[in-house]
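*Asks:* no sequence for this one, just the structure:
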């Protein structure tokens, strides 16, 4: 999943070892800077569980380690897949 502006992501250690504590992140911009294959620089906002921006950040992450984020779900809990 290549992130786009407006996406809410759950960023964990799978995306980078710096994220030992998972966080929600709303993407503002995906930089086109040259990086290692499969890695990307993102600008955006760290979100609290209610979806409110608490800090603007730039993060360097592996695309394959990013997960969809769900506002209102505790950050340390992975939401269950919908039934049906």
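*Replies:* In hand now; what should we look at? Since this is a predicted model, take the numbers as computed values, not measurements.
*Asks:* just the strands in this structure please.
*Replies:* Assigned by DSSP state E, the strands in the chain fall at 8-11, 23-30, 39-47, 53-62, 67-68.
*Asks:* got the angle for the second one vs strand 39-47?
*Replies:* Between the axis of strand 23-30 and that of strand 39-47 there is an angle of 120 degrees, by axes from the mean of the first three to the mean of the last three C-alpha atoms, to 10 degrees.
*Asks:* And strand 23-30, what's buried?
*Replies:* 23-28, 30 (16 or more other C-beta atoms under 10 Å). Where you see a C-beta, it was placed from the backbone N, CA and C, and this is true even at glycine.
*Asks:* Using CSV, lay out those together with pLDDT.
*Replies:* Formatted as CSV, these follow (pLDDT from 0 to 100):
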residue, pLDDT
23, 96
24, 96
25, 97
26, 97
27, 97
28, 97
30, 96
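*Asks:* export those to a markdown table and tack on distance to residue 41?
*Replies:* What follows is the buried residues of strand 23-30, written out as a markdown table (distance: C-beta to C-beta, whole Å):
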| residue | distance to residue 41 |
| --- | --- |
| 23 | 16 |
| 24 | 18 |
| 25 | 13 |
| 26 | 15 |
| 27 | 11 |
| 28 | 11 |
| 30 | 8 |
